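> Below is the structure, and that's it, no one-letter string:
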C-alpha cells in the first residue's frame, strides 16, 4: 500500500536533531520492508494556529510503500517523541481508469443529441400568451 505522512517538528530543533529524526523515520519504514518514494524537508513554516505554544513548525513530508503495520509503528514513534508536535498519515488510493467510461458517456450524449427532435424557439408573443392566464368573465 502507498502512504504519505507529514509531520511537524518543533521549530527549536537544530538541523542535526532534525536529520536524526528523519533518519529514524526512514529506518522504521525500511526495517519493516517498506520503500521510501519521496522524502522532503519542507522547512520552517508558520502554523495556522498555536500548537503546544509554538507559532511555527518544521514540516517534513514522506511518501512510502509499506504494509499497514508500519503506519502503527510510525505513529507510535511520533507520539513518544516530544520534538514532533503534529503528524498525519494518509493512505493513497490508486486512481481508477475513468477515461473509458467518460468516452462512452460522451458517445451516448452525442447519439441522444443527434436523435432528439429540435424544437424551434417560440416568438415573444407565443411566450407571453402561454404565461398569461385567460381572465375573461363569462
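Ah, there it is. Model, not experiment: these values are computed from the prediction. Numbering: from 1, shown residues only.
> other SSEs contacting the longest strand seen in the chain?
Using DSSP state E to define each element, the chain has its longest strand at strand 35-51. Judged by 3 or more C-beta pairs under 8 Å, 6 or more residues apart in numbering; DSSP states H and E, the packing partners of strand 35-51 are strand 2-9, helix 15-31, strand 54-65. Every residue, glycine included, has its C-beta placed from N, CA and C.
> and the last one with strand 2-9, angle?
For the pair strand 54-65 and strand 2-9, the angle between their directions (axes from the mean of the first three to the mean of the last three C-alpha atoms, to 10 degrees) equals 160 degrees.
> before we move on, what about the second one?
Interaxial angle of helix 15-31 relative to strand 2-9 (the same axes, to 10 degrees): 160 degrees.
> What residues sit buried inside helix 15-31?
18, 21-22, 25, 28-29 (16 or more other C-beta atoms under 10 Å).
> again, but for the first one
Along strand 2-9, these residues count as buried under the neighbour rule (16+ other C-beta under 10 Å): 3, 5-9.
> could those residues go into JSON lines alongside pLDDT?
Shown next, in JSON lines, are the buried residues of strand 2-9 (pLDDT from 0 to 100):
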{"residue": "3", "pLDDT": "91"}
{"residue": "5", "pLDDT": "93"}
{"residue": "6", "pLDDT": "94"}
{"residue": "7", "pLDDT": "94"}
{"residue": "8", "pLDDT": "94"}
{"residue": "9", "pLDDT": "94"}
